[in-house]
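>>> coords please:
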Amino acid sequence: MKKSLKIILIVLAALILICAAAIGIFYIRINNPANVFDHLNGTPAPVDVTPTPAQETPAPTDAAATPAVTESAEPTPEPTPTPISEAELESMADLSFMKNRVNILVLGIDRSEERLESNSFRSDTIILVTVNFKTGDVDMISFPRDSYVKLYNKNGKLIDPLDPYNKINEAFSRGGMMKKGGYQSEMNTVSALLGGIPVNYYVSFDMTAVKEIVNAMGGVDYDVDIEVRMNGR
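Coordinates of the predicted model:
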């Protein structure tokens, strides 16, 4: 009997310890939201420092010696600049400023029940939110939907190499929309526009969600003097 009671007490103690540990971990995660994100520590790009070879000091010449006959010097050719690709520039970028930060792309899609037949939706609201977990600051950058930029697909390649520029809100539509990579396409497009900074997360909502939020807050009442019909209503 005593042995069984001892086993029961040991099991209960173990369960209590496990529960206490789980509660502690949960408490830490709640009080430090940075633990939820995996892409907080920016890694500085390595800098290739090649030492300049030391030049040898020329040996003194004998002034009395007979000067040798030299041929006329060839003209120095003009140096030709070597262009650096965007990919190379991005690989050289120092992302150490991203430490303790996370970037979240907020997208508002012009999708609603009245527009389902068109089957072509765009991201008309594009806001990049940067959360600094060290200072507690939150900064936001809004991109006008008609900004003319290079569009990238979900794999980070140009959607149309022959005609790369288009409105930024087209990245979502041409990138595949909801099910075929539209979100990742928009994230890659914004990342490239800002010089390659990482954009690892997104939050998306459509017009139906906006309606539900407004209705939950009591709706918006207004008087219209004339009857207005739109989209069959």
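>>> ok, now how distant is the nearest residue to Tyr165 once chain neighbours are set aside from Phe172?
Nearest residue to Tyr165 in three dimensions, chain neighbours excluded: Tyr148, at 5.5 Å (CB to CB, 6 or more residues apart in numbering). (Each C-beta comes from the backbone N, C-alpha and C, glycine too.) Remark: distance between Tyr148 and Phe172 (CB to CB, to the nearest Å) = 16 Å.
>>> What of Ile141?
Separation of Ile141 from Phe172 (CB to CB) stands at 17 Å.
>>> which SS class is Glu210?
Let me fix one detail, which is that residue 210 is Val and not Glu. Secondary structure state of Val210, per DSSP: H, G, I helix; E, B strand; the rest coil, is helix.
>>> where exactly do the helices run in this structure?
Along the chain, counting by DSSP state H, helices occupy 2-31, 86-91, 170-174, 182-193, 207-216.
>>> ok, back up a step: between Tyr148 and Phe172, who's got more neighbours?
More crowded of Tyr148 and Phe172, by other CB atoms under 10 Å: Phe172, with 28 against 9.
>>> so how far is Arg122 from that one?
Distance of Phe172 to Arg122, computed by CB to CB: 6 Å.
>>> Now the common contact residues for these two.
With contacts taken as CB atoms under 8 Å, 6 or more residues apart in numbering, Phe172 and Arg122 have Ile109 as neighbours in common.
>>> so how far is Asn103 from the most centrally placed residue in the chain?
Residue closest to the mean C-alpha point of the chain, counted by CA atoms, centre = their mean, is Val199 at 1.3 Å. To Asn103, Val199 is 5 Å away according to CB to CB.
>>> Which neighbours do the two have in common?
Common contact partners of Val199 and Asn103 (CB under 8 Å, 6+ apart): Leu128.
>>> What residues does Gly181 make contact with?
Asn153, Lys154, Gly175.
>>> switch the cut-off to 10 Å
Counting by CB atoms under 10 Å, 6 or more residues apart in numbering, Gly181 touches Asn153, Lys154, Asn155, Phe172, Gly175, Met187, Asn188.
>>> how near is Asp225 to Gly219?
Distance, Asp225 to Gly219, using CB to CB: 20 Å.
>>> quick one: which of these two has more around it?
Gly219 (8 against 5).
>>> So this structure: which segments form each domain?
2-31, 90-216 (automatic domain parsing).
>>> Looking at the last one now, give me its mean pLDDT.
Taken as a whole, domain 90-216 has a mean pLDDT of 86.
>>> same question, the first one
Within the predicted structure, the mean pLDDT of domain 2-31 is 76.
>>> I'd like the distance from it to the chain centre, please.
Centre-to-centre, domain 2-31 and its host chain are 41 Å apart (CA atoms, centre = their mean, to the nearest Å).
>>> what about Glu197, how many neighbours?
Just to correct that, residue 197 is Ile rather than Glu. Neighbour tally, Ile197, other CB under 10 Å: 19.
>>> again with the one 5 residues further on
The number of residues packed near Tyr202 is 17, by other CB under 10 Å.
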